[in-house]
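Peer 1: no FASTA, just this:
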Ligand SMILES: Cc1ncc(COP(=O)(O)O)c(CNOCC(=O)O)c1O
């Protein structure tokens, strides 16, 4: 008898089921707003000019070979990636307290960090925002840690439940890991202000908690790489430890190259050395060593000041297009006189908007308007363009009136 015959079908995944429903919808004007990937005004994925240029340079560089990278990845990439998030004048970097490992994009960085913590950290509780990116609970649970939630989104104000957040983090047991999205919170699009980040930092440090930043959208939120790194730099500046998962999927458009980094900021060079040696033991049996191409593209761009500048211009272009889509959607909703306050659409930041429409309305819009978004009412603003904004505004108007 077959060994695999007892495998059960996987439970329905909320995001995937929406993507499948949209895929199977024959309607020629269907609109998929569920996927978290940037699209141009023409509705196409974008390969940055500067990425094409870097790839041409790499293709012509005959010194490049296809040998294995070290377990922790391309050394230049690790240095440049750490500098990007920590800043050019980071004391942690100067004092050699920083361990950076090239990982398989943001997901891989979170996974390696989770496996490391499960092996070396006594406190097994991880606090994540409620709501948070759908993969967070799975990544940490799979590593053998226990996921708990801290209040983050307030449905009443459609804003940050800051008091609730502070209370829940303040009640966490000493040593608990706290997952913090550094900017462009997924799925709500709501970020703490700098003043609020400072209060969060104080409570995390005073309770001896371990911050694990998920930094998937640096530069993609505000359009400025340094602004979007302020929350992380605030914590690192106080000399404490923190984990940071970086991704170049969105801000460099390298989704499929799976390029990111896990940075662990330690309190001393000595600790950093020991941590580095142990992270290698997590990676080796997991995937041995990371892929070269994405790391080579990022390194080529970050180490060349002209290409770096070109990148920041294209990056701001993406962020600005999203911000203008928010404005257009807000104005289209206003123009229709749709009941309710829709200002959260322009107050929120990053790839997504938490519209506030409920699951029943989401399902109705899929059926009647062939517009698809995740059941929590999250839409990818990056998937909108000037032609589809009116279509969405009509659907929202019809759904909530
Ligand atoms: C907060 C966050 N962290 C990490 C990641 C991981 O990204 P990657 O592994 O591609 O770097 C993502 C990617 N999001 O996926 C889009 C979606 O929610 O529909 C993310 O949003």
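Peer 2: Received the coordinates, thanks. Just so we're clear, the structure is a prediction, and the values are computed from it rather than from any experiment. Numbering: from 1, shown residues only.

Peer 1: can you count the residues close to the residue in the stretch 1-150 of the chain that the ligand sits nearest to?
Peer 2: Per C-beta to the nearest ligand atom, residue 36 is where the stretch 1-150 of the chain lies closest to the ligand, at 2.5 Å. For every residue, glycine as well, the C-beta is placed using N, CA and C. The tally of other residues near residue 36 (other C-beta atoms under 10 Å) stands at 21.

Peer 1: what about the strands in this structure?
Peer 2: 31-32, 98-104, 125-130, 146-151, 153-154, 159-160, 177-181, 210-215, 242-247, 259-265, 352-354, 371-372, 378-380 (DSSP state E).

Peer 1: ranking those strands by burial, who's on top?
Peer 2: The highest average neighbour count among those, using mean count of other C-beta atoms under 10 Å, belongs to strand 259-265 at a mean of 29.

Peer 1: touching, the residue of the stretch 1-150 of the chain closest to the ligand and residue 350? I think so.
Peer 2: No. Counting by C-beta atoms under 8 Å, residue 350 is not a contact partner of residue 36; they are 9.6 Å apart.

Peer 1: what residues are shared contacts of those two?
Peer 2: residue 186 (C-beta atoms under 8 Å, 6 or more residues apart in numbering).

Peer 1: the stretch 51-200 of the chain against the ligand: which residues are in contact?
Peer 2: Proximity of the stretch 51-200 of the chain to the ligand is confined to 105-107, 133, 181, 186 under the rule C-beta under 6 Å from any ligand atom.

Peer 1: may I have the distance across stretch 176-188, first residue to last?
Peer 2: 24 Å (C-alpha to C-alpha, to the nearest Å).

Peer 1: could I get the average pLDDT for that stretch?
Peer 2: The pLDDT scores in stretch 176-188 average 98.

Peer 1: can you get me a residue count around residue 285?
Peer 2: Applying other C-beta under 10 Å, I find that residue 285 has 8 neighbouring residues.

Peer 1: measure it to the ligand for me?
Peer 2: Distance, residue 285 to the ligand, by C-beta to the nearest ligand atom, to the nearest Å: 20 Å.

Peer 1: how distant is the longest helix seen in the chain from the center of its chain?
Peer 2: Counting residues, the longest helix in the chain under DSSP state H turns out to be helix 305-335. In terms of C-alpha atoms, centre = their mean, to the nearest Å, the centre of helix 305-335 is set 17 Å apart from its chain centre.

Peer 1: and stretch 168-175, by the same measure?
Peer 2: 24 Å.

Peer 1: list the buried residues in it.
Peer 2: Residues of stretch 168-175 classed as buried by neighbour count (16 or more other C-beta atoms under 10 Å): 168-169, 172.

Peer 1: got it, and stretch 330-339?
Peer 2: So, applying 16+ other C-beta under 10 Å, buried residues of stretch 330-339: 330, 332-333, 338.

Peer 1: tell me the mean pLDDT over that stretch?
Peer 2: Rounded mean pLDDT across stretch 330-339 is 98.

Peer 1: show me what the residue of the stretch 251-400 of the chain found nearest the ligand is bridged to.
Peer 2: Residue nearest to the ligand within the stretch 251-400 of the chain: residue 260 (5.1 Å; C-beta to the nearest ligand atom). Residues in a beta bridge with residue 260, per DSSP bridges, are residue 103, residue 247.

Peer 1: surely it touches residue 252?
Peer 2: No. The pair residue 260 / residue 252 is not scored as a contact, 10.3 Å apart, by C-beta under 8 Å.

Peer 1: residue in the stretch 151-300 of the chain nearest to the ligand?
Peer 2: For the stretch 151-300 of the chain and the ligand, the shortest gap (C-beta to the nearest ligand atom) falls at residue 247, measuring 3.1 Å.

Peer 1: for that residue, give me its contacts.
Peer 2: 105-107, 109, 215-217, 259-260.

Peer 1: farthest pair in the residues you listed?
Peer 2: 217 and 259 (14.8 Å; C-beta to C-beta).

Peer 1: which bits of the stretch 201-350 of the chain sit near the ligand?
Peer 2: 214, 216, 247, 249, 255, 260.
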